[in-house]
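Asks: dropping a prediction and its sequence here:
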Amino acid sequence: MEHQRSRDLYDRALSVMPGGVNSSVRATMPHPFFVERGDGGHVIDADGNRYVDWVMGYGPLLYGHDLPEPVSAAVQSHAAAGPMYGAPTEIEVEHAEFVARHVPSVESIRFVNSGTEATVSAVRLARGHTGRDKIVVMQGGYHGAQESTLVEGGPENPHPSTAGIPKSFAEHTLPIPFNDPDAATEVFAEHGDDIAAVLVEPILANMGIVMPVDGYHETLRDLCTDHGALLIFDEVITGFRVGGLGCAQSRFGVTPDLTTFGKIIGGGFPVGAIGGRADVIEGFTPAGDVFQSGTFSGHPVTMAAGKASLEYAAEHDVYDHVNRLGRRLREGITEICRERAPEYTVVGTDSMFKTVFTREAPADVDACCAGGCRQDATCARYDHCPKTGADVADAATDRWERVFWQRMVDEGVFLTANQYECQFASYAHTDEDVDRTLEAYRAAL
Ligand SMILES: *Cc1c(COP(=O)(O)O)cnc(C)c1O
């Protein structure tokens, strides 16, 4: 496979951009391939190589690289009308109405420009609403590049996970292990009166894919209600991906006070949103006293793309298709692992999939969940499948990054380069793409 043009582009990029990229995960070793264009479920790189693309922009692309005709038409017409105004437009109202109609917890919503901006604003809103400073987050959870959540350690010793964040910021964040109801109960026993919110991805989706154990979200819901804290679901990745148009909260039957969105809700354009109980959301200025503003917020082209995408999904077999392919991939990879690497854990749900290179497994691998780990307490592997971010970090992450990922690229399959981020099926992917991908897994595992 020829990569000369990508190598040359990376050489130029390194002279004018830090690490040669605009988002750190894109700097794959030894150099990234530069994408020339997309085609359905594929991307073609600068040297003309074609890959089956399961990265899907890290989540936003429900339709792959070919927008359905009505989505494309909506984008073109709003772009042609003039890109944006600094005054409200009808399309923002329509998109807000659509989301409020379909997502159980959403009565009112504010659109912003990224998932990061959504979680920053949600945390500020929760603090303003409760008059409290502390937030509880999950170790291994991801909420974008924001000061309050780039924090590691435990509730007694939180510290910034990156340079550039004052230690004193991290003091207001209480990281606990996911799926551990006792740790959650304890943190509320200790700090209950100071906790503004629990911020949690309904599924840890940026650290492998870790499903919640039975009853976990109910415990968080009860603790928040009992202590006057808000429950915030970060559905930036699971929103309109897991549980269809009702999002993961409809799947789990737990209603958060606030939900953050991003990715799919903008149809492939930059977006974020904070939705939830009207009495809480109305804390945002100008209705309330928690400052929130943005030049590009509710951008008409983004709103048109997002709304047309979700409407198209409401009227077509989009979720049936992507979820069926997701299941075929998870079942197929499980079969291949059974022969090649019985210690590995296949994870995922709906159209999301990943193989975590776990190091141990019981002798009876036949008993595991074929469609991806569901945290089934009766499964023979229950004690071995990842339940927390730390469990995922203990896997053979180097093998994924240094050997497996590169081999898959050579086989013409594009996966996320690190062990932590997951893969997505889109409406543009075909059964043939799945077959080719499974052949590549068979060769590379
Ligand atoms: C991607 C993601 C974010 C950050 O969104 P950006 O648009 O990259 O800022 C936040 N939370 C979760 C759960 C995400 O997956």
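Replies: Now that the structure is in, tell me what you want to look at.
Asks: so Gly38, which state does it fall into?
Replies: When classified by DSSP: H, G, I helix; E, B strand; the rest coil, Gly38 comes out as strand.
Asks: okay, and the beta partners of it?
Replies: Val43 (DSSP bridges).
Asks: surely it meets His65?
Replies: Yes. Between Gly38 and His65 a contact is recorded at 2.5 Å, counting by C-beta atoms under 8 Å. No exception for glycine: its C-beta is placed from N, CA and C like everyone else's.
Asks: neighbour-wise, which of these two wins?
Replies: For Gly38 versus His65, neighbours defined as other C-beta atoms under 10 Å are more numerous around His65 (20 against 17).
Asks: give me the common contacts of Gly38 and His65.
Replies: Counting by C-beta atoms under 8 Å, 6 or more residues apart in numbering, the common neighbours of Gly38 and His65 are Asp53.
Asks: can you report how many residues lie near the residue of the stretch 301-445 of the chain found nearest the ligand?
Replies: Nearest to the ligand, among the residues of the stretch 301-445 of the chain, is Glu421, at 8.8 Å (C-beta to the nearest ligand atom). Per other C-beta under 10 Å, the neighbour tally for Glu421 reads 20.
Asks: show me what contacts the closest residue to it other than its chain neighbours?
Replies: Counting by C-beta to C-beta, 6 or more residues apart in numbering, Glu421 lies nearest to Asn206, which is 6.2 Å off, once chain neighbours are set aside. Contacts for Asn206 (C-beta under 8 Å, 6+ apart) come out as Gly140, Gly141, Tyr142, Ile237, Tyr420, Glu421, Cys422.
Asks: run the last query once more with 10 Å
Replies: Contact analysis of Asn206 by C-beta atoms under 10 Å, 6 or more residues apart in numbering lists 25, 58-59, 140-144, 234, 236-237, 389, 392, 416, 420-422.
Asks: go through these and flag which are in strands.
Replies: Asp234 (DSSP state E).
Asks: using neighbour counts, trim the contacts of Asn206 to the buried set.
Replies: Neighbour counting over the contacts of Asn206 (16 or more other C-beta atoms under 10 Å) leaves 58-59, 140-144, 234, 236-237, 389, 392, 416, 420-422 as the buried ones.
Asks: and which of these is nearest Val403?
Replies: Lowest distance from Val403 to the buried ones among the contacts of Asn206 (C-beta to C-beta) belongs to Thr416, with 15.1 Å.
Asks: confidence score at the residue nearest to that closest one when sequence neighbours are not counted?
Replies: Ranked by C-beta to C-beta, 6+ apart and with sequence neighbours excluded, the top spatial neighbour of Thr416 is Val55, at 5.4 Å. We have a pLDDT of 98 for Val55.
Asks: got it, and Leu231?
Replies: For Leu231, the pLDDT comes out at 98.
Asks: I'd like the next helix or strand past whatever helix or strand it lives in.
Replies: Per DSSP states H and E, Leu231 falls inside strand 230-234. Next helix or strand after strand 230-234 toward the C-terminus (DSSP H and E): helix 247-252.
Asks: gap between the residue nearest to Glu421 and the ligand?
Replies: For Asn206, the distance to the ligand (C-beta to the nearest ligand atom, to the nearest Å) stands at 5 Å.
Asks: and for Leu14?
Replies: 23 Å.
Asks: for that residue, which non-adjacent residue is closest in space?
Replies: Gly20 (4.3 Å).
Asks: list the contacts for the one you found?
Replies: Leu9, Tyr10, Asp11, Arg12, Ala13, Leu14, Arg26, Ala27, His31, Pro32, Phe34.
Asks: quick check, nearest of the residues you listed to Ala308?
Replies: Nearest member of the contacts of Gly20 to Ala308, counting by C-beta to C-beta, is Arg26, at 27.5 Å.
Asks: show the pLDDT at the closest one.
Replies: Arg26 carries a pLDDT value of 94.
Asks: neighbours around it, how many?
Replies: For Arg26, using other C-beta under 10 Å, the count is 14.
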